[in-house]
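A.B. asks: Sequence first, then the predicted structure:
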Amino acid sequence: MKKAAARLYTFLMFLFLYAPILVLIVFSFNDTETASRTVWSGFSLKWYQKLFEDRLILEALRNTLIIAVAAAAASTVLGTMAAIGINSMKRLPKRVMMNITNFPMVNPEIVTGVSMMLLFVFAVGLFGGRSLGMASITAAHITFCLPYVILQVLPKLRQMDESLFEAAQDLGCPPAKAFFKVVLPEIMPGVVTGMIMAFTLSIDDFVISYFTSGTTQTLPIYIYSMTRKRVSPEINALSTVLFAAVMALLIVVNVRTAKARGQAKEERR
Amino acid sequence: MKTNSKLLSAPYTVWMTLFIILPMLLVAWFAFTDRSGAFTLDNILSVGQYSNVFLRSIWLGAVATAVSLILGYPMAYIIAKLPAKRQSVMVMLVMLPMWMNFLLRTYAWMTLLEDNGLINAALAALGLPRAHMINTAGAVVLGMVYNYIPYMILPLYSVLTKIDPSVIEAAQDLGANDKKVFLKVVVPMSMPGVISGITMVFVPAVSTFIISKMLGGGGNLLIGDLIDMQFLGSAYNPNLGSAISLVLMVIILICMGIMNQFDEDGSSQEGGLML
Amino acid sequence: MNNTIISLKDIAVSYDGEPVLSGFNLEIRDGEFITLLGPSGCGKTTVLRTIGGFIKPDAGEVFFSGKNITALPPHKREVNTIFQKYALFPHLNVYDNIAFGMRLKGKSERQVKETVHEMLGMVNLSGYAHRGVSQLSGGQQQRVAMARALANEPKVLLLDEPLSALDLKLRKDMQVELKKIQQQTGITFVFVTHDQEEALSMSDRVVVMDGGVIQQTGSPTDIYNEPENAFVADFIGESNILDGLMLEDYSVKFAGHKFQCLDKGFGTNTPVDVVIRPEDIDVVQADSTHITGEVTGVTFKGVHYEIIVDVAGFKWMIQSTDYRAVGDRIGLSLTPDDIHVMSKSAYSGRFGDYSTFSDEMEEDMAATEEAIESGEGQADENQL
């Protein structure tokens, strides 16, 4: 009896979570001239065609990817360095650093976005020139990605056996080399996870980009303008493509981790 | 890994000072000055005009948080009791919608909730009366719950799976049946997760502006909408906008302070972010 | 006078498809301190959890005071468990932990208060009532776990290796405490451990188990002095286990000599296992009337010397306060009392001699010898 109730609840919850997504996907194939979102007139791929011909979308996508790669790379390097530094701090400075790190995550995004907008606009007042654009968006993205990278790397540093680093030095390895040969491989899972998180957060960010982008369009910003205009099922097509891409990525990741797990089990036997 | 590695975090410190601390100081500065740069309290005081917006935001945010908690807890519990292999799949399925763009998902609800939208079409087909759902406070709450409930489920799940099974057995051993075990052991021990979840839902819910714009129409303005209007909207007034932002931050800090009273050993900070 | 309080009949339990217990039978008497002793994996914890109700056996029945409780869930059984890692409720303080069971039963707060303080006194933790459990040391947590279980007035207490996480001296103190409490309250204690010294020092009866099968049941002195097979002899204390031939009652031949002994009933010219405890051997001059050998190792243990003697290729261990140097030839003197004869069993020959103490070392050394002989142990010149 309990199991049946649990199953029903789970089903309803997933229905709730996935219903809008399914609706979007189904209606992306809707063959209609009137761009109706709710009346089905037959199957068609024309919205996908229009999507791929839309210059503006492709440009927005390009911007988004450039920013995401740059932000992920910069925040990963900077964040990993920071995590190492923070890990070896004494209690009080460590606490201060952790509070600074946690701050952007508890602060509402809109306040962070607005504050950065003020910064960039203000900077114009002092230095002149273009204030809001790719550079400002990237800087903003790096800023909100950093805490997430640090929070992924720091636990790995803590978990790591301190004596590994000492053992390497004991065997004659200079500290810098010891770091790359011993520490980095140990914390790599955290670094990689942090990098992936930074990448996805950057791609999906809307609020902060909205305030720091000026006239530059990232994909989420473009989507926002599309929703304002209540335009065509192109949006549905876009959603479906994004969803498929995410699914594919997750399937690949899961297959690889399942394989690794299976391999590890084999080796143990 | 001692003296020189501390310096590794120096670039980070510089960055954060420049991009977090400095901007926040700017917000404070703008909040307390007027257009000419002179000190004034007018901005802060005029925030009082918008008290109804603040109250509405806090109210709707609180309702959304409560609904997320009530709906999310059973889900987290169900997943935590599944065999280990199934758990990670289920968690991924709960997370998956979050990988879809936030705007698109909210947009999709418009399709469902509109007066001539899908839900009403289904109701009509069943012979039931149509319901006016879009552009209401209810729709806004629905949007909030929909977007943020995974942030409630994940920390709860994380905490529930960490409960030592022998503590559960000890409770049974001492005479507790399933219901008592749940109420007297599981729920109290899951509190750090509850607090994490509440924080992770309330903060974005109370400060959103997209959900209120798309699902609430013009009649359900929230704090976020106000701020948006002051900076990028028609009523360009960064000073007022900064003042509103400052008040919003203070409100949230107060709420978090209250929450921290319930979390004495700081464990919510570790159990929370399982992103 | 047989007050059996718990009875396990033909219990079968398997885990992951592997059988852990099959056809397991045990009777536990009211008021006794009985210990289940054996190496890890022998099934002793499984037996305990079956009694507690956390494991439902695939076959067989569990009886409590004559009533069949096999289908009864843990919260309805009148037994209480002390878990290996104590399992104290982290969100409750000491007082509330101890009060937990009583409050479930609906006792009045006055009764609860009285009992909690009584229990705290019994475990020497009076005054700790309002401490948080995370602030307590291992030993203190263990005593709170005891108090919590005892406050429930169980008829039987199940203890799952409760002392294994404590350090040596504290463990010894707790052994004394537990025994005292058991005698004071008269509650039946079912204790699980892999530490044979612990089992011998606390129990009224010991049940030695291996591979899900009871090897021997008896009082500590019986188990020690008269092990029934090589496993028990090897597991309990140190023992020299030798191949022998029972010539006739009271007469046995081993290590090339004939000895008088106190055992009978093995028939004539029957192959047997002979057990000699190291502390029973006297060191004498090497002559033809005694077993002789060459000393290959001497270790000072404080209390005595541990002397390894090579007797015709088989290494014996002697514990003696007399010092002998490596290389000395010595004689081993035995009285009939020191010689204990056991039937051959599946364990015969499994435990070797004292060239190594552990199975792991023995296996690795044997594997190394093999590898060297077949040439694998040589370093590959190309790799250098």
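C.D. replies: Everything's here; your move.
A.B. asks: give me the number of residues near the residue of chain A found nearest chain B?
C.D. replies: Closest residue of chain A to chain B, C-beta to the nearest C-beta: residue A:85 (2.6 Å). (C-beta placed from N, C-alpha, C; glycine too.) Around residue A:85 there are 24 other residues, counting by other C-beta atoms under 10 Å in any protein chain shown.
A.B. asks: how near is it to chain C?
C.D. replies: Residue A:85 sits 30 Å away from chain C, going by C-beta to the nearest C-beta, to the nearest Å.
A.B. asks: so that residue makes contact with residue B:11?
C.D. replies: No. If you go by C-beta atoms under 8 Å, residue A:85 and residue B:11 don't touch, sitting 9.2 Å apart.
A.B. asks: Low-confidence ranges, the stretch 151-275 of chain B, go.
C.D. replies: Within the stretch 151-275 of chain B, the ranges that satisfy pLDDT under 70 run B:263-275.
A.B. asks: how far away is residue C:67 from chain A?
C.D. replies: Distance from residue C:67 to chain A, by C-beta to the nearest C-beta: 28 Å.
A.B. asks: Report the secondary structure state of the closest residue to residue A:25 other than its chain neighbours.
C.D. replies: Nearest residue to residue A:25 in three dimensions, chain neighbours excluded: residue A:240, at 4.7 Å (C-beta to C-beta, 6 or more residues apart in numbering or on different chains). Three-state call for residue A:240 (DSSP: H, G, I helix; E, B strand; the rest coil): helix.
A.B. asks: same question, the one 5 residues further on
C.D. replies: When the structure is split into helix, strand and coil by three-state DSSP, residue A:245 lands in helix.
A.B. asks: Let me see the confidence value for it.
C.D. replies: We have a pLDDT of 84 for residue A:245.
A.B. asks: now do residue B:48
C.D. replies: Reported pLDDT for residue B:48: 83.
A.B. asks: number of nearby residues for the residue of chain C found nearest chain A?
C.D. replies: Nearest to chain A, among the residues of chain C, is residue C:16, at 14.0 Å (C-beta to the nearest C-beta). By other C-beta under 10 Å, 5 other residues sit near residue C:16.
A.B. asks: which SS class is residue 248?
C.D. replies: Unless you meant another one, I'm taking chain A. Here residue A:248 is recorded as helix under three-state DSSP.
A.B. asks: actually chain B
C.D. replies: Classification of residue B:248 using three-state DSSP returns helix.
A.B. asks: now it, nearest residue through space, not along the chain?
C.D. replies: Using C-beta to C-beta, 6+ apart and skipping residues adjacent in sequence, the residue nearest residue B:248 is residue B:223, 5.4 Å away.
A.B. asks: From residue C:221, how far off is the residue most central in space within chain B?
C.D. replies: Closest to where the C-alpha atoms of chain B average out (C-alpha atoms, centre = their mean) is residue B:201, at 2.1 Å. Per C-beta to C-beta, to the nearest Å, residue B:201 is found 66 Å from residue C:221.
A.B. asks: Give me the phi and psi for residue 216.
C.D. replies: Since you didn't name a chain, this refers to chain A. Phi and psi for residue A:216, reported as degrees, to the nearest 10, are phi -70, psi 140.
A.B. asks: that's the wrong chain, I wanted chain C
C.D. replies: With angles defined as degrees, to the nearest 10, residue C:216 sits at phi -160, psi 140.
A.B. asks: so it touches residue C:225, yeah?
C.D. replies: No. Between residue C:216 and residue C:225 there is no contact under C-beta under 8 Å: 11.8 Å.
A.B. asks: higher neighbour count, the two?
C.D. replies: Between residue C:216 and residue C:225, counted using other C-beta under 10 Å, the more crowded position is residue C:216 (21 against 15).
A.B. asks: residues touching residue B:53, list them.
C.D. replies: B:221, B:222, B:223, B:225, B:226 (C-beta atoms under 8 Å, 6 or more residues apart in numbering or on different chains).
A.B. asks: Now with 6 Å, please.
C.D. replies: Residue B:53 sits next to B:221, B:226 when contact means C-beta atoms under 6 Å, 6 or more residues apart in numbering or on different chains.
A.B. asks: Tell me which helix or strand it sits in.
C.D. replies: Using DSSP states H and E, residue B:53 sits within helix B:51-80.
A.B. asks: Rounded mean pLDDT for that helix, please.
C.D. replies: 93.
A.B. asks: and the following helix or strand past it, is it in reach of chain A?
C.D. replies: Once helix B:51-80 ends, the next helix or strand along the chain (criterion: DSSP H and E) is helix B:84-95. No. Taking C-beta under 6 Å from any C-beta of the partner chain as the criterion, helix B:84-95 and chain A are apart, separated by no less than 6.7 Å.
A.B. asks: CA atoms only: put helix B:84-95 into CSV for me.
C.D. replies: Output in CSV follows, covering the C-alpha atoms of helix B:84-95 (Å, rounded to 0.1, in the frame of the first residue of the first chain):
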residue,chain,number,x,y,z
ALA,B,84,21.2,3.1,-3.9
LYS,B,85,21.5,2.5,-7.6
ARG,B,86,18.0,3.9,-8.4
GLN,B,87,18.7,7.0,-6.2
SER,B,88,21.2,8.7,-8.5
VAL,B,89,19.0,8.2,-11.5
MET,B,90,16.0,9.7,-9.7
VAL,B,91,18.1,12.6,-8.4
MET,B,92,19.2,13.3,-11.9
LEU,B,93,15.7,13.2,-13.2
VAL,B,94,14.7,15.7,-10.6
MET,B,95,17.6,17.9,-11.6
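A.B. asks: what's next to the helix or strand just after it, contact-wise?
C.D. replies: Scanning forward in sequence from helix B:84-95 by DSSP H and E, the next helix or strand is helix B:102-113. Identification of contacts with helix B:102-113 by C-beta under 6 Å, 6+ apart yields A:20, A:23-24, A:37, A:223-224, A:227, A:239, B:117-119, B:133-134, B:139, B:143, B:211, B:214.
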